[in-house]
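1. here's my sequence, what's the structure:
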Amino acid sequence: MSYYAVVSHAVDEPDRYNSEYIPGSVALIHKHGGEVLVAGHADVLEGEPAPVIVVMKFPHKGAFDDFYNDPDYQSLKYVRYSLTSNRFMVGSPSADFA
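-> Here you go, the predicted model:
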C-alpha cells in the first residue's frame, strides 16, 4: 500500500534551501523509491498552515522509513531544520474505501 508524507514549513532562507537541501533530499527520495508529487507555495483553503507544502509518495511505509532514517538524510534533516520554521510532517497510507 502506498505511503504519503506531507511536509509543511516556511522557508526562511530560500537560496540556501534550494542549493543545500533540495538536491540531496530529492536524490534520497528517489533512492528509496519515492517521488515528489507536490512542492511549492500552497493555496490556503482552511486554517493557518505554513506557506510551503511538499507531498511525497513512497511504495510503502517501510520505504519512507528507510528514506527518513537513511544516514545520508540525517545531516540534510538538520539543514532543513536550520533553514525552515513553522514546520510539520505527517504520514499516512493511501486510502482504501472499497
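
2. which other helices and strands contact whichever strand or helix holds residue 6?
-> Residue 6 belongs to strand 3-11 when assigned by DSSP states H and E. Under the contact definition 3 or more C-beta pairs under 8 Å, 6 or more residues apart in numbering; DSSP states H and E, strand 3-11 sits against strand 52-58, helix 61-69, strand 84-93. All C-beta atoms are positioned from the backbone trio N, CA, C, and that covers glycine.

3. need the least confident one among those, by mean pLDDT.
-> With a mean of 93, strand 84-93 has the lowest mean pLDDT of those.

4. could you give the angle of that strand to helix 61-69?
-> 160 degrees (axes from the mean of the first three to the mean of the last three C-alpha atoms, to 10 degrees).

5. can you show me the CA trace of strand 84-93 as PDB?
-> C-alpha atoms of strand 84-93 as PDB (Å, rounded to 0.1, in the frame of the first residue of the first chain):
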ATOM      1  CA  THR A  84      12.800  26.500   7.900                       C
ATOM      2  CA  SER A  85      10.300  27.300  10.600                       C
ATOM      3  CA  ASN A  86       6.700  26.600  11.500                       C
ATOM      4  CA  ARG A  87       7.200  23.000  10.200                       C
ATOM      5  CA  PHE A  88       5.400  19.800  10.500                       C
ATOM      6  CA  MET A  89       5.500  16.400   8.700                       C
ATOM      7  CA  VAL A  90       2.700  13.800   8.700                       C
ATOM      8  CA  GLY A  91       2.400  10.500   7.000                       C
ATOM      9  CA  SER A  92      -0.400   8.200   6.000                       C
ATOM     10  CA  PRO A  93      -1.100   5.100   3.900                       C
END
